[in-house]
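Participant: Give me coordinates for this.
(one chain, ligands or ions: 1)
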Amino acid sequence: MNNRWNTIIYKFWSPIYDNLFNSGKFLEARKKIFQGEKFGENQHILFVGVGTGADLELINYKDLNITAIDYSYEMLEKAKAKCQSSSIQFFKMDAQDMNFKDNQFDVVIASLVLSVVPDADKCMKEMVRILKPDGKIIIFDKFSPKGKKLSLMKKIIRPFINFLGTDIGVNFETLYESNKENLTVKQNESIMFKGMYREIVISKNSI
Ligand SMILES: C[S@@+](CC[C@H](N)C(=O)[O-])C[C@H]1O[C@@H](n2cnc3c(N)ncnc32)[C@H](O)[C@@H]1O
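Facilitator: So this is what the prediction gives:
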């Protein structure tokens, strides 16, 4: 994947995205993640790769201090349309090189984005950089199985899935290993499709 292709493919996905990834099992998983989350009015929350704003619909976004970024103009426009009467700040920005200061956000939400950005490690490093100490990152995404290699079938279909704008081969454990210095994993659980999709909550250690 690269940003140029992501721009093209997510322009294509934008009109139908919610029908596929904001309904059925995906919507159930999102609801499970956000029903237990209570965000405070004094917290600054960042949605990385906000897409059409599927997660925003599940929280009391009108009362919160939210910034949301995405690289696709069309996906961002869908999210903006959903949250018209809100103070959410939307920016077209690369999640691998964010135009934010260090330690700026209390919460970072990254749903289905580490598997999409060209370089998940760069994106992870940026999320950690802009997160305040004691802040948390909530990840909902698909990762390759813990401690196992990708099956032959997945290796074969991986390039086709990449073409559609996402990667089934990102390994969370490898990502964590190269970023773990300042981090603690609070939760790492299967949320859908027998562990293919996980809910992961990470906190940034205080200095
Ligand atoms: C699978 S969608 C997930 C959208 C949303 N977070 C959700 O849960 O439905 C991936 C999103 O990442 C965005 N994206 C891809 N590359 C990006 C990048 N380099 N920086 C920021 N966003 C990016 C895409 O435009 C798309 O909206």
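Participant: The ligand contacts on this structure?
Facilitator: Those residues of the chain that sit near the ligand, judged by Cβ under 6 Å from any ligand atom, are 3, 6, 10, 21, 49-51, 54-55, 69-72, 75, 94-96, 111-113, 116-117, 166. For every residue, glycine as well, the C-beta is placed using N, CA and C.
Participant: So which of these sit within strands?
Facilitator: The strands, defined by DSSP state E, take in 69-70, 111 from those.
Participant: So which of these is the closest to the ligand?
Facilitator: Ser111 (3.2 Å; Cβ to the nearest ligand atom).
Participant: what about Ser178, neighbour count?
Facilitator: Here the number of neighbours of Ser178 (other Cβ atoms under 10 Å) works out to 10.
Participant: any idea how far it lies from Phe172?
Facilitator: Note on Ser178: its distance to Phe172, by Cβ to Cβ, to the nearest Å, is 11 Å.
Participant: out of everything not next to it in sequence, what's closest to Lys62?
Facilitator: Closest residue to Lys62 apart from its sequence neighbours, by Cβ to Cβ, 6 or more residues apart in numbering: Ser86 at 5.2 Å.
Participant: In this structure the one you found contacts Asn60, no?
Facilitator: No: with contact defined as Cβ atoms under 8 Å, Ser86 does not reach Asn60; the gap is 10.2 Å.
Participant: Could you check which of the two has the larger neighbour count?
Facilitator: Shown here are Ser86 and Asn60; by other Cβ under 10 Å, Ser86 has more neighbours (16 against 10).
Participant: Secondary structure element holding that one?
Facilitator: Ser86 belongs to no helix or strand when assigned by DSSP states H and E.
Participant: what do you get for Phe91?
Facilitator: Taking DSSP H and E as the criterion, Phe91 maps to strand 89-92.
Participant: can you list contacts of that strand?
Facilitator: Applying Cβ atoms under 8 Å, 6 or more residues apart in numbering, the contact partners of strand 89-92 are 50, 66-73, 76, 79-80, 99.
Participant: switch the cut-off to 6 Å
Facilitator: Contacts to strand 89-92, defined as Cβ atoms under 6 Å, 6 or more residues apart in numbering, come from residues 67-69, 76, 80.
Participant: Rebuild these as JSON lines, extending it with pLDDT.
Facilitator: Below are the contacts of strand 89-92 laid out as JSON lines (pLDDT from 0 to 100):
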{"residue": "Thr67", "pLDDT": "98"}
{"residue": "Ala68", "pLDDT": "98"}
{"residue": "Ile69", "pLDDT": "98"}
{"residue": "Leu76", "pLDDT": "98"}
{"residue": "Lys80", "pLDDT": "98"}
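Participant: out of those residues, who has the most neighbours?
Facilitator: Neighbour max across the contacts of strand 89-92 (other Cβ under 10 Å) = Ala68, 25 neighbours.
Participant: can you give me the helices in the protein?
Facilitator: Taking DSSP state H as the criterion, the chain contains helices spanning 3-13, 17-21, 24-35, 73-82, 120-130, 152-163, 172-177.
Participant: What is the shortest one packed up against?
Facilitator: Read it as helix 17-21. For helix 17-21, there is no helix or strand it packs on, judged by 3 or more Cβ pairs under 6 Å, 6 or more residues apart in numbering; DSSP states H and E.
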